[in-house]
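*Asks:* sequence and predicted structure below; questions after.
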Amino acid sequence: MAADEFTTIDGSRILELLRPEREGSRALSLARATIPTGRSTYRHRHVLAEEIYYVLSGEGVLELAGRSERIEAGDARLIRPGTEHRVTCMGSEPLVILCACSPPYTDEDTHLTEPVPV
């Protein structure tokens, strides 16, 4: 089935690969997130969703609960519900991350924890 592409409220460009409404999964979505060179998502948290990030390409910094760590292709990280996080692309190419969310991603479950510039 066709994948949907959009920009989330945290500022990442998402290509949805699997959604329960389309593929019939019970409680999981899978998406590819792209963060352009030199850009960051906005700090945010999810009340319900637990996420797994798997870096497909590029390199960057993952801020997770106030701690920063370098990430690169092949790295995987668990983000527990309620944990503030943000990703910054630090390399010369976009940072591309495979994101698995349970329950599935929704903008309604995404709460920004920093002001968005206007």
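*Replies:* Nice, I can see it. What you see is a predicted model, and the numbers here were worked out from it, not measured in a lab.
*Asks:* going by C-alpha atoms from here, please, whenever you check contacts or count neighbours.
*Replies:* OK.
*Asks:* and the helices in the chain?
*Replies:* Here the chain has its helices, by DSSP state H, at 20-23.
*Asks:* dump the C-alpha coordinates for the helix or strand bottoming out on mean pLDDT in it into CSV.
*Replies:* Lowest on mean pLDDT, DSSP states H and E among the helices and strands of the chain sits helix 20-23, with a mean of 76. Listed next in CSV are the C-alpha coordinates belonging to helix 20-23 (Å, rounded to 0.1, in the frame of the first residue of the first chain):
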residue,chain,number,x,y,z
PRO,A,20,-2.4,-0.1,11.6
GLU,A,21,-5.1,1.5,9.4
ARG,A,22,-3.4,0.2,6.3
GLU,A,23,-1.6,-3.0,7.1
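*Asks:* residue contacts, residue 91?
*Replies:* By CA atoms under 8 Å, 6 or more residues apart in numbering, the residues touching residue 91 are 37-38, 58-60.
*Asks:* among these, name the buried ones.
*Replies:* 37, 58-60 (16 or more other CA atoms under 10 Å).
*Asks:* rebuild the residues you listed as TSV, extending it with distance to residue 73.
*Replies:* Below are those laid out as TSV (distance: CA to CA, whole Å):
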residue	distance to residue 73
37	15
58	6
59	7
60	10
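*Asks:* closest to residue 16 out of those residues?
*Replies:* Of all the buried ones among the contacts of residue 91, residue 16 sits closest to residue 58, with 19.4 Å by CA to CA.
*Asks:* nothing else from me, thank you.
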